[in-house]
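Novice: after the sequence you'll find the predicted model.
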Amino acid sequence: MDRGPSTRAVHAGLPPAEQGEPLAPGPVLAAPYHLRGAADAADYGYARDANPTWSVVEAALGALEDAESVLFSSGMAALCALLEPALGPGDVLVAVRDGYPGVRGVANDRLAPRGVELRFVPTDTEAIVAACDGATFVWVETPSNPRLDVCDIAAVAEAAHAAGARLAVDNTLATPLGQRPLEHGADAVMYSATKTLSGHSDLVLGAVAVRDPEWAAALRKHRSQGGAIAGPFEAWLLQRSLPTLALRLVRQSENALALARMLRDHPGVSDVRHPGLEDHPGHALAARQMLHAGSLVGFSLDGAERAQRFLGALELVAEATSFGGVHSSAERRARWGTDDVAEGFIRFSAGCEDVDDLLADVEQALAQR
Ligand SMILES: Cc1ncc(COP(=O)(O)O)c(C=O)c1O
């Protein structure tokens with residue numbers, strides 16, 4: 001039976017009920033396991049290769065994606081595991097230039113020196129499709145981060161496949177309950193589980209989901225060899241967070257949209273960005289492609305100083321990077337120097353607070369000049 005998203009998030013990956021066993025398994029802290037005889041005599045032999053807590057989380061994420069999931073120590077480790085083995089001399093990577101900057105760093109510092117041709121494009125369906133000719137691998141993030149532009153995953157998948165390339169989508173913002181890139185034709189989905197998937201701002205993890213079992217096996221081998229493995233305790237915290245993903249994502253998306261609407265009508269605030277806003281250029285596509293528009297809102301205040309004063313005046317909202325946590329947070333994105341945004345551009349991550357409290361806090365911080 002096809003169950004609803006909250007039910008799937010609560011039950012995904014749990015082992016069958018056993019008399020006297022806990023409802024949900026605890027973390028397994030072990031390096032070696034009893035392994036008598038042949039190296040493959042048990043599922044677990046050495047913890048860099050496999051761990052029962054990873055298995056629960058991977059089963060859960062896999063169930064949410066209808067795919068095989070592979071857990072990594074961070075989103076960047078997951079990203080590198082997808083890109084580095086796939087690209088060699090003469091290959092072509094098409095990647096968005098307005099998404100998370102980590103991908104551009106890896107492309108420039110690790111892939112280009114080994115002879116990979118890089119084509120950076122904006123998050124715009126036509127521009128990405130036009131760049132796909134001769135591509136080996138295509139990387140998109142939709143909605144893009146931090147300006148939340150949207151591209152058509154199905155159209156990009158078609159163009160990538162016509163060129164013989166694979167398409168990976170960074171789905172960190174939407175999560176598997178907010179957008180299902182594999183259903184739209186993507187070959188791989190990547191997550192920084194540090195963000196909304198875990199949602200409590202207390203761990204760093206990453207994950208990949210693919211439907212090709214050989215690719216999944218290669219990703220696991222890459223993880224064992226490179227050693228970018230998740231600690232079992234962090235993996236367990238993620239396991240513990242997934243059952244509330246649907247609740248968190250719905251609340252965060254509602255809060256983000258309410259905030260975006262309030263900001264759009266606010267004097268002194270410009271360039272309000274959220275895919276759920278009816279006048280967002282990617283709204284119609286987002287409404288078709290996404291199930292929830294996510295926690296992020298972008299907007300501009302008049303210059304860096306004004307933006308810093310606003311951030312300093314917020315009482316409920318932490319000035320912090322990252323996003324997708326239960327606590328609202330915000331930052332002046334230009335402080336990193338990695339994104340093409342105005343000096344006063346704020347990336348705001350709506351948390352799970354009561355919407356009236358959140359809006360009131362933003363109102364009072366805007367009122368202080
Ligand atoms: C969209 C996106 N992808 C990937 C990453 C990298 O993930 P991690 O910090 O878990 O390595 C981040 C981190 O900020 C991100 O925001």
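Specialist: It's in. Numbers count the residues shown, from 1 in each chain.

Novice: output the below-cut-off pLDDT ranges for this structure.
Specialist: Where the chain drops to pLDDT under 70, the residues are 1.

Novice: now for the closest residue to the ligand within it: which residues touch it?
Specialist: Nearest residue of the chain to the ligand: residue 75, at 2.3 Å (CB to the nearest ligand atom). All C-beta spots, glycine's among them, are computed from the backbone N, C-alpha and C. Contact analysis of residue 75 by CB atoms under 8 Å, 6 or more residues apart in numbering lists 102, 172, 190-195, 204-206.

Novice: against residue 98, how distant is it?
Specialist: Spatial separation of residue 75 from residue 98 under the definition CB to CB, to the nearest Å is 17 Å.

Novice: try residue 310
Specialist: Counting by CB to CB, the gap from residue 310 to residue 98 is 23 Å.

Novice: the two - which one has more neighbours?
Specialist: Neighbour count, other CB atoms under 10 Å: between residue 310 and residue 98, residue 310 has more, with 25 against 21.

Novice: name the element the more buried one belongs to?
Specialist: When elements are defined using DSSP states H and E, residue 310 is found to belong to helix 304-313.

Novice: now do residue 191
Specialist: In this assignment (DSSP H and E), residue 191 forms part of strand 188-192.

Novice: for that strand, name the packing helices and strands.
Specialist: Counting by 3 or more CB pairs under 8 Å, 6 or more residues apart in numbering; DSSP states H and E, the packing neighbours recorded for strand 188-192 are helix 75-83, strand 166-170, strand 206-210.

Novice: is that strand positioned near the ligand?
Specialist: Yes - with CB under 6 Å from any ligand atom as the threshold, strand 188-192 lies in contact with the ligand, specifically through residue 192.

Novice: can you give the strand pairings for that strand, parallel or anti for each?
Specialist: Note on strand 188-192: by DSSP bridges, its sheet partners are strand 166-170 (parallel), strand 206-210 (antiparallel).

Novice: which residues does the last one contact?
Specialist: Meaning strand 206-210. Residues outside strand 206-210 that contact it (CB under 8 Å, 6+ apart): 57-58, 61-62, 65, 67-79, 81-82, 176, 182, 187-194, 197, 216, 219.

Novice: can you do 7 Å?
Specialist: The list of residues contacting strand 206-210 from outside it, by CB atoms under 7 Å, 6 or more residues apart in numbering, reads 61-62, 65, 67-78, 81-82, 182, 187-193, 216, 219.

Novice: that older thread, quick one, which of the contacts of residue 75 are buried?
Specialist: Buried members of the contacts of residue 75, counted by 16 or more other CB atoms under 10 Å: 102, 172, 190-195, 204-206.

Novice: closest to residue 357 out of those residues?
Specialist: Among the buried ones among the contacts of residue 75, residue 195 lies closest to residue 357 (CB to CB), at 22.5 Å.

Novice: wouldn't the closest one be in contact with residue 323 here?
Specialist: Yes - the criterion here is CB atoms under 7 Å, and residue 195 meets it with residue 323 at 5.6 Å.

Novice: up against the ligand, what does this structure have?
Specialist: Selection of the chain residues close to the ligand by CB under 6 Å from any ligand atom yields 74-76, 100, 102, 141, 145, 170, 172, 192, 194-195, 204, 206, 322.

Novice: now the strands for the protein?
Specialist: Taking DSSP state E to define them, one finds strands in the chain at 68-72, 92-96, 117-121, 137-141, 166-170, 188-192, 206-210, 270-273, 296-300, 318-319, 329-332, 345-349.

Novice: residue 275 touches residue 147, doesn't it?
Specialist: No - the pair residue 275 and residue 147 fails to qualify as a contact (CB under 7 Å) at a distance of 10.7 Å.

Novice: which residue of these two possesses the greater neighbour count?
Specialist: residue 275 (29 against 20).

Novice: which residues are in contact with that one?
Specialist: Residues in contact with residue 275 (CB under 7 Å, 6+ apart) are 143, 148, 150, 282-283, 286, 290, 293.

Novice: over to residue 199?
Specialist: Neighbour list for residue 199: 241, 245, 248, 324-326 [criterion: CB under 7 Å, 6+ apart].

Novice: in TSV: those, plus neighbour count.
Specialist: Formatted as TSV, those follow (neighbours: other CB atoms under 10 Å):
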residue	neighbour count
241	21
245	25
248	24
324	27
325	24
326	18
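
Novice: among those residues, which two are most distant?
Specialist: The farthest-apart pair in these, when distances are taken by CB to CB, is 245 and 325, at 12.6 Å.

Novice: thought residue 129 was touching residue 159?
Specialist: Yes - applying CB under 7 Å, one finds residue 129 in contact with residue 159, separated by 4.1 Å.

Novice: OK, contacts around the nearest residue in space to residue 207 that is not next to it in sequence?
Specialist: Nearest residue to residue 207 in three dimensions, chain neighbours excluded: residue 191, at 4.6 Å (CB to CB, 6 or more residues apart in numbering). Contacts for residue 191 were tallied using CB under 7 Å, 6+ apart; they are 75, 78, 171-172, 197, 206-207.

Novice: at 6 Å instead, please
Specialist: Remark: with contacts taken as CB atoms under 6 Å, 6 or more residues apart in numbering, residue 191 is in contact with 172, 197, 207.

Novice: give the contact list for the second one.
Specialist: This means residue 197. Taking CB under 6 Å, 6+ apart as the test, what residue 197 contacts is 175, 191.

Novice: gap between it and residue 119?
Specialist: According to CB to CB, residue 197 stands 29 Å off from residue 119.

Novice: for the last one, same thing?
Specialist: When distances are taken as CB to CB, residue 207 and residue 119 turn out to be 26 Å apart.
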